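Chemist: let me see the structure of the following:
(chains A, B, C and D, ligands or ions: 4)
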Amino acid sequence: MAVPREHLIDMYETMVKIRRFEERIRELYFADKLPAFDIAAGLIPGEMHLAAGQEPVAVGMRPHLKDGDAITATHRPHHLAIAQGVDLNKMAAEIFGRDTGLGRGKGGHMHLFSTEPSFGCSGIIGEGMPVAVGAAMAFKARGTANVALSFFGEGAANQGAFHEAINLAALWSLPVVFVCEDNAYAISVPKTASTAVTDNSDRAAAYGIPGVLVPDNDPVSVYEVMGAAIERARGGGGPSLVEIRTDRLWGHFEGDADAYRTDDFKEDMNERDPLKTFAQRLLADGVLSEADITEIADRMHTEVEAAIEFAMNSPYPAPEATLDHVFSERTVTL
Amino acid sequence: MAVPREHLIDMYETMVKIRRFEERIRELYFADKLPAFDIAAGLIPGEMHLAAGQEPVAVGMRPHLKDGDAITATHRPHHLAIAQGVDLNKMAAEIFGRDTGLGRGKGGHMHLFSTEPSFGCSGIIGEGMPVAVGAAMAFKARGTANVALSFFGEGAANQGAFHEAINLAALWSLPVVFVCEDNAYAISVPKTASTAVTDNSDRAAAYGIPGVLVPDNDPVSVYEVMGAAIERARGGGGPSLVEIRTDRLWGHFEGDADAYRTDDFKEDMNERDPLKTFAQRLLADGVLSEADITEIADRMHTEVEAAIEFAMNSPYPAPEATLDHVFSERTVTL
Amino acid sequence: MTGERKLTTQKAIAEAIAQEMDADPTVFVMGEDVGVYGGIFGATEGLLDEFGPDRVKDTPISETGFIGAGIGAAIHGMRPIVELMFVDFFGVCMDQIYNNMAKIHYFSGGNIKVPMVLTTAVGGGYSDAGQHSQTLWGMFAHLPGMKVVVPSNPYDAKGLMIAAIRDDNPVVYMFHKGVLGLGWMTNNPRATGVVPEAPYEVPIGKAAIAREGSDVTIVTVGLSVHKALDAAEKLAEEGVSAEILDLRSLVPLDREAICASVEKTHRLIVVDEDYQSFGMSGEVITTAIEGAFDYLDAPPVRVTTPDTPIPYSHPLEAWALPSTERIMRAAQAMLVAG
Amino acid sequence: MTGERKLTTQKAIAEAIAQEMDADPTVFVMGEDVGVYGGIFGATEGLLDEFGPDRVKDTPISETGFIGAGIGAAIHGMRPIVELMFVDFFGVCMDQIYNNMAKIHYFSGGNIKVPMVLTTAVGGGYSDAGQHSQTLWGMFAHLPGMKVVVPSNPYDAKGLMIAAIRDDNPVVYMFHKGVLGLGWMTNNPRATGVVPEAPYEVPIGKAAIAREGSDVTIVTVGLSVHKALDAAEKLAEEGVSAEILDLRSLVPLDREAICASVEKTHRLIVVDEDYQSFGMSGEVITTAIEGAFDYLDAPPVRVTTPDTPIPYSHPLEAWALPSTERIMRAAQAMLVAG
Ligand SMILES: Cc1ncc(C[n+]2csc(CCOP(=O)(O)OP(=O)(O)O)c2C)c(N)n1
Ligand SMILES: Cc1ncc(C[n+]2csc(CCOP(=O)(O)OP(=O)(O)O)c2C)c(N)n1
Ligand SMILES: [Mg+2]
Ligand SMILES: [Mg+2]
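Modeler: Residues are numbered from 1 along each chain as shown, chains lettered A, B, ... in the order given. Ligands and ions are numbered 1, 2, ... in the order given. Model prediction:
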C-alpha cells in the first residue's frame, strides 16, 4: 500500500502534536508537586499515564477514520484522542479539572468522553472492549458504515473482557477492530510474565478472525495494517485483531521510578524513538525538508500551547456541581 | 492405548451407577411437584441439572485419578462426583437437604463440596476454572504429584474466567486439565449461536498448550485422551485443554420443556445413548456377558438405592443452623 | 373491558417491552435465552416471534461482554434492554454495571447518555440455594448512577418497565421471581392483576401505599410486600392497623413517603429480603430517624434475611427469609412494647 | 527500645506479611506488581528479595483468575494473600470474592476452610477520579461470609494483618492510601507510629476508642479517623468533648462499642468516606437505634460522600469527601440543636 504524501505529513504532524502535548502535560504535572513529590498537589493532581513513544499506534489509524467512527481507549488515552481529533482545548481543560473540560472536570485524564468524534476511555483494564462491540452493534442496526476501534494494552489481553468481547464481535461479524498496544509492560510486569503466548495476534485463532502483528512501531506499517482491518470491518467483513509492538518511553505513570526496566532497555528504546526515526525517514525520502520539520514543530507547539492556555485560564467548577449529572433529566414522558 | 479390562469394566459400572442415580433423582424430584409443577415443592425443591448422557466424560478420567487429585465441576456435577468417588450417601443427603449431607443441607445439588476426594462445584458459569488453577498451585508448592481437573460446559468457554484461568495455568505450567463438556447447548442457546469457533480445543492455541478434541462421546476415547493429558500434567508438562462432544439426554433442568431441540435431534441423541452403545460394545468384545450386565445393573442399583434411602431417612438440619458456618472458629491464636 | 383485563406480572413485563419495541425501533433486547426460550422467567416471552433475532438477541454466557455491549449501543443511539439472568451473577460483570454504565454520564459532564435497562431476576424461597436466591438490591442502590426499581405487582411491573425504557438513565429493573405469576412457581394470587392494555408509565422514585393503616408502618419491596399484606390482614383481625409502603424503587428512594407514613403511625418495621446489615433496612430506618425522629414511639425494627449465605435446605431457607409470621411477631412485639 | 520503634502504616503491613511468611511456609503473596515493584502502595515492599518469586508472585491482569486461584490454593493447604490493586476494580472479579471465597465454607457445612486474605487499597482525596478513589467497604460488609478490616494506623495495620493471615476465614483487608505514610502522598503525621517488632495480633471485630470524650460520639473508620481526630482537637478548643470510635473492622461489627459510647455521650455522628446511602452510615445509626434508642438526645447525623461518583477536579472532590470542617460543622450544629 503506497501511502499518499498528505497522509505521511498528516501522520507526522499528529505525532509531533501528541508528543508536544505529552511533554507539556508532563512539565505541568510536576509543577508544585516537587521537591517532595505529592500526588495530590499541583495543577494536575492524581495519576498521569502518558503515551510518548506510542504515537505510531495513534497516527497510523488516523487517515482511515470517517465521521461517526468510535474509539474506546484506556487509562493511557491522549495519543488516541488527539489522533481522532477530539477537541484539544476541552481535553486539556478536563485534564486540568476545569468547568470547560470534556466532562466539566468530573472525569479527568482517565475519563475523557467526546461525542463528536465519538471517543471514550476508562481506568479499568479491558473495560472499553465490550463497549466498542456495542457501538458496532448500533452501527450495524442503524445501517451506518461506521467502525468501532478498541485499543488496549498487552496487559489487558489477559483480562476476561478481551475474550468475551472478541468472541461476541466475531460471532456477530461486527465492524470492530481490536488493537493491542504492546509496549511489553503492564506497569512493572513484562509481557513474558503475564502472557502464555508471544503474540496476542495469534489469539485471533480462538475467534476465527484475522490476527495481524505489526512488529516495528512504524507509522507506515500501522497505517497499512489498520487500513486493511478498518476497510474489512467497514465493508462488512467482520472484526480483526491487530497487535502493535510499541514503546512506552516514560514510566507507567508520572512519578514512576521505572526501576523495573534496565538502563539498556531504556537506552535502546530511546534510540528507536519513533518521532525521531519517522522524521529522519521523511527527510530521507524527500517528503519533508528541514524547514518543514521546523515549521511543523512550531505550528503544533502553538496549537498545544493554545489548548494548555485555554485550560489554565478556564474556571474550576463550583464545588456543589459535584451533585450534577448523576442522572440526566427525563426527555421523554407520556 | 490398550484399555485394561478392569478399567473397561470399572468405567461401565460407573456409567451404570451414574445413570441410575440420575434416574432416581429425576423420579424423586417430580414427587409432590406434579400435576401442577411447583419448583419449590417436593422432596427435592429448586433447580435440578442432570447429566444423563454425559457419563463418558466422567468415567473416562476416572481410572487415571490418584489420591489427592482435585476436581472442580459445574451446576451439572453428579456424574463427575460419582466418578471421582465422592461419598454417595452424603451426596444424596445433600441433594435432599439433610443434616447428614456433604454441606449439612446448606449447599444443595449445585454446591457439593468434598475434601476426600477433593471435589467442588458451583452454580456460576466458569467459577470453578480459576479454583482448579489454585489447587494446582498448591500441589506444585507443596510438591505433591497431583493434578487438578476443571470441567465446564461449552457455554462456559465464552466466559472471561475461561481465558484468565487457562492463561494462568499455561503461564505457570501448572498441573491442570481443562475439560470442556460440549453438549452443544447452553440451556436453549446452541453452540453455533455462542461460539465463534467450531472447536474449543482450537482455543488452546491462544495459550500455547495442547488442545485435543474427543469427537464421539465414547468412554474409551475419553479414557485415552484424558490419560495422556493427566499424565502430562502430573509429570510437570503443564496444562492442556480437552473438548469432548457429548450429549445431554434430558432437559437443561428438570421441568424444562426442551422445546428448543427438534424431535429429530433428540431421537438421534437417544439412539446413540452411550450407556447402550458401550454395553453393546463390551458384549461384542467379550468383555462382559449378558449375565455380567444384569449383575452390574443390580449391584449399582442397590448401591444407589442405599444412598437414596440414607438420604431420605436422614433428619433435616434445625432451622437455626442457618446461622452456623458463616465463619469457622479460629484455630490459631497468638 | 380492557381496564379489567388481568395479566400476570411476567406477562405484563413482556407486554411492556413489546409495546416499546413496537413504538421505538431503537429498543432491542439481549441476554441469555431471551430468544426461543423467552427468558428463563418469561420476561421476553413472544418477543422473538414478533420482532425477530436482530432485535431479540440470544447471547453467549459472556455477561461482561454483552452488558458492556449494551452500554456501547446505548451511547450510540439505541435503547437496549439487557437481561442478567439472575442478579446473583452480577459478580462476573459488575465492573460494566457500576463503573461504566452508571458513571459515564457523570464522567462526561452530562454530555453522554446511557439509556439502558438492565433487567434481572431476584429473590429466593424455592430452594435454589446461595448463588440463585439473592436480592442484592441494597448493594445496587449503594452504588451511584443507576436507578433501581423493584415492582411487586403486574400493574407496576408494566408501568415501571415502560418508564425504565423511556428513561435516559441506566435503570436496573429487578423482578422478584415470586411475584411473576409463573406456572411453575408456587401459586401467588397477587401475581395476577388488572393491567391496562395501552402503554402507561409508573413514575420511578415514588413509593405506593399498598395498604393504609394507622398503628405501624411496614416499609418493604418486592415479594415481601405480599408477605406484609398477608400479615396486615391477620393483624387487622387482632385489631392492629398496619400501613404498608411498597417502595417500588430504591433509587431514587421516596424518603418523603417513608417519613410521612412514620409521622402518621409513629412506628416502623422494615421488611427486607436482602441481607440485613449494611443494606436497605438500615437505610430506611436511618431515613426515618433523620426525617421523623421525634415522631417515633419505639425503635424501628427490621425483619430481614440474616447475614448468612442463603441456605439450600427448605427448613433453613424458610427460617432465614422474611415471612408473614416473622412480620406479625415483629408488629405484635412492637405494639406491646411501644 | 524496640517498643518505641516507629514505622509507617505501609511498612507495618509489609513487616506483618514478612513475619508471617517467615513463620509459615504456606503463606504466599500474589497480585499485580507485588514483586519487583513491591505493590503499588508498598504493601509487599521487600518481599520478593526476601522470599523469591515462588512465594511473591506477580500476576497477569486477570483478577478473576488469580483471586479464584487464591481460593483454590487456600482450600488445598496454603494461606494466600492476594492483592486487588484498587478496591474499585472489584467489578471484574466480584464473583470469585462474594459468591465463592465467602461462601464455600458455608456451602460445605463447615468442612472446607478458605484461609485467604484479600488485600486492597481504598480511598480518595488525591484526584484519582471515579474509578480509583472509592472505599466501597459498605458493599463488602453487606455480603456475608468475609470479614472486613480497615486499619487506620500503623499499630493496628500490623496486628490486623497478622490476625487476618492467621484467621481461618476469608478476610478482606482494606488499607486506605491516606493512612499509609507513603512518601508520594500528602504527608500525614498520624501515618507513622510506634509498632512493636515482635509479631502480635489485633483482634478482628473489636473497635478502638481513638479518643475519649463525653459530648458526642463520632463513629468512623480509615482515613476519616484522622479527620475526626483533627476535628476533635479543634472542637475541644470550643469546649466540645468528642469521643471517637475507630471501628477497625466492619465485619464483625462491634455493635456493643457503638452502643456503649452512645449511651455515654447521647449523641452520634457517623463519618463515612463510602457513599452515603445503603451503606455503613445507615448501619451504624441503625445499630445505635436498635441498641441505645432511649439514650439518644438528638437524631444521629452522617458526614459522608454523597451518592455521586467521585469527581476528579480537586474542588469537587474536596467538597464531596468527608472533611475535618464538615465533621466540625456537624458536631456544632448537633450540640446547638440538641
Ligand atoms: C481491572 C484492572 N486491573 C488492574 C488495574 C491497574 N492497572 C492500571 S494500568 C495497568 C497496566 C496496564 O498494562 P497494559 O494493558 O499493558 O497497558 P499500558 O499501561 O502498558 O499502556 C494496571 C495493572 C486496572 N486499572 N484495572
Ligand atoms: C455467570 C453465569 N451466567 C449464567 C448462568 C445461567 N446458566 C446456568 S447453566 C447455563 C448454561 C450452561 O451451559 P454449558 O456451560 O454449556 O453447560 P451445560 O448446562 O450444557 O452443562 C446458564 C446460562 C450462570 N449460572 N452463571
Ligand atoms: Mg503495556
Ligand atoms: Mg452445554
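Chemist: wait, A:A156 touches A:F162, no?
Modeler: Yes - if you go by Cβ atoms under 8 Å, A:A156 and A:F162 touch, sitting 6.2 Å apart. Glycine gets a C-beta too; all of them are placed from N, C-alpha and C.
Chemist: overlap of the contact sets of the two?
Modeler: A:126, A:129 (Cβ atoms under 8 Å, 6 or more residues apart in numbering or on different chains).
Chemist: mind checking which of those two has more residues around it?
Modeler: A direct count of neighbours by other Cβ atoms under 10 Å in any protein chain shown for A:A156 and A:F162 places A:F162 higher, at 31 against 25.
Chemist: that one: which element?
Modeler: helix A:160-171 (DSSP states H and E).
Chemist: model confidence over that helix, on average?
Modeler: What helix A:160-171 shows for mean pLDDT is 99.
Chemist: how about the closest residue to ligand 3 within chain A, nearest residue that isn't a chain neighbour?
Modeler: Nearest to ligand 3, among the residues of chain A, is A:G153, at 3.6 Å (Cβ to the ion). What sits nearest to A:G153 in space, not counting adjacent residues and going by Cβ to Cβ, 6 or more residues apart in numbering or on different chains, is A:E181, at 5.5 Å.
Chemist: my guess is that neighbour meets A:G155, correct?
Modeler: No - counting by Cβ under 8 Å, A:G155 is not a contact partner of A:E181; they are 9.8 Å apart.
Chemist: contacts only, for the nearest residue to A:Q54 once chain neighbours are set aside.
Modeler: Nearest non-adjacent residue to A:Q54, counting by Cβ to Cβ, 6+ apart: A:T246, 4.7 Å away. Listed by Cβ under 8 Å, 6+ apart, the contact set of A:T246 reads A:53-54, A:56-57, A:181-183, A:217, A:274.
Chemist: filter the residues you listed down to the ones in strands?
Modeler: A:181-182 (DSSP state E).
Chemist: most widely separated two among the contacts of A:T246?
Modeler: Maximum pairwise distance among the contacts of A:T246 (Cβ to Cβ): 14.0 Å, between A:D182 and A:P274.
Chemist: secondary structure element holding the most centrally placed residue in chain A?
Modeler: Centroid check for chain A by Cα atoms, centre = their mean gives A:L80 as the closest residue, at 2.9 Å. According to DSSP H and E, A:L80 maps onto helix A:78-84.
Chemist: for A:V133, give me its contacts.
Modeler: A:148, A:150, A:165, A:168-169, A:174, A:176, C:65, C:68-69, C:72.
Chemist: cool, A:F139 as well?
Modeler: A:68, A:70, A:145-148, A:175, C:76.
Chemist: how about the residue of chain A closest to ligand 3, phi and psi?
Modeler: The phi/psi pair for A:G153 (degrees, to the nearest 10) reads phi -80, psi 170.
Chemist: so what touches stretch A:20-29?
Modeler: With contact meaning Cβ under 8 Å, 6+ apart, stretch A:20-29 is reached by A:42-44, A:48, A:50-52, A:78-79, A:82, A:88, A:92, A:95, A:250, A:254, A:297, A:300-301, A:304-305, A:307-308.
Chemist: ok and the residue in the stretch 201-338 of chain C nearest chain A?
Modeler: Closest residue of the stretch 201-338 of chain C to chain A, Cβ to the nearest Cβ: C:E201 (4.9 Å).
Chemist: report how many residues lie close to that residue.
Modeler: With other Cβ under 10 Å as criterion, C:E201 counts 20.
Chemist: that concludes my questions; thank you for your assistance.
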